[in-house]
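> Starting from these lines, generate the structure:
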Amino acid sequence: MKFVTLWATPRSTSTAFEWMMRERGDFRCFHEPFNELYYYGEDRRSQRDANVAAKPGHNYAGVWQDLLRMRGEANLFLKDFAYSVEHFIDDAMLDVMQHSFLIRDPYNVIQGLNKHWPDCSFAEVGFDSLARLFDRITERDGKTPLVIRSEDLLASPEATTRAYCEQMGFDFIAEALDWEPGERREVSWYGEGSGPWHDTLRQSSGIKPQKTSYPPLEDDPSLIELYQQSLPYYEYLLAHSLEINEEEQA
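As a prediction, the model looks like this:
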């Protein structure tokens, strides 16, 4: 059985990619279990929604043990953010998973994140922790893990997804790239404020270029600072990303 993990940042089209993995039908998918713990678990790391009570037993150790139990029953796909779990994840956990990364220009990431969290922090943008995890896995494995770009995924979903499946060692399923618009409860947390995050996904019928527009970051010096802080980490990961050639995109 496979245990595939996609490490990303917020607002990177990672949930659309996760929905494609759900549409395949051969993976049991988990939506940001560690990020949910980061904000709403018994051992939460953030006080952003401190008024939301944690469910009894909802903690890092318990969730990880649940994932381990399910690992022998089905192929698992987990999408999450490195900043949520880097304090907890150890080498034994890393050994269990097959790792991949999804990156997006931090300008667009910060635009999308600012819409929901105008007070978003550098840690929540997530590029520094993503790069640290990338380095950790590279050093442990002796080779770089797969990195794909959101821009490629949106412009050439079939070519990018096909290349991803080939690199990760499972079949490409073209039918999984299309779906019906509708409710997406599978990718909602139980805490407050999770619903509006996936309005675009609810209206979507596949992985396609997004039409949502946001104010430019230049309107807010604090957002430009977040972008400038994030850019070196993004460029570092970008240098290791998978190239989708013109023939594959055709």
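> Sketch out the strands for the chain, chain order is fine.
Using DSSP state E, the strands of the chain run over residues 3-8, 28-31, 76-81, 98-103, 146-149.
> least reliable of those strands going by mean pLDDT?
Looking over the strands of the chain, mean pLDDT reaches its minimum on strand 28-31, with a mean of 94.
> Now Gly72: closest residue in space, sequence neighbours ignored.
Nearest residue to Gly72, sequence neighbours excluded (CB to CB, 6 or more residues apart in numbering): Met1, at 6.3 Å. Every C-beta, even on glycine, is put in place using the N, C-alpha and C of the backbone.
> Restrict the longest helix anywhere in the chain to CA atoms and write it as CSV.
Secondary structure of the chain per DSSP state H: the longest helix is helix 221-238. Below are the C-alpha coordinates for helix 221-238, written out as CSV (Å, rounded to 0.1, in the frame of the first residue of the first chain):
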residue,chain,number,x,y,z
PRO,A,221,3.6,47.2,2.6
SER,A,222,3.3,44.4,5.1
LEU,A,223,2.2,42.0,2.4
ILE,A,224,5.1,43.1,0.2
GLU,A,225,7.4,42.3,3.1
LEU,A,226,5.9,38.8,3.4
TYR,A,227,6.4,38.3,-0.3
GLN,A,228,10.0,39.4,-0.2
GLN,A,229,10.7,37.1,2.8
SER,A,230,9.1,34.2,1.0
LEU,A,231,10.6,34.7,-2.4
PRO,A,232,14.1,33.2,-1.8
TYR,A,233,12.6,29.9,-0.4
TYR,A,234,10.2,29.7,-3.4
GLU,A,235,13.0,30.3,-5.9
TYR,A,236,15.1,27.6,-4.2
LEU,A,237,12.3,25.0,-4.5
LEU,A,238,11.5,26.2,-8.0
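> circling back to that earlier point, who touches the residue nearest to Gly72 in this structure?
Contacts for Met1 (CB atoms under 8 Å, 6 or more residues apart in numbering) come out as Arg71, Gly72, Glu73, Ala74, Asn75, Leu76.
> Run a quick neighbour tally on the second one.
Read it as Gly72. Residues lying near Gly72 (other CB atoms under 10 Å) number 8.
> and if you look at the first one?
For Arg71, the tally of surrounding residues (other CB under 10 Å) stands at 16.
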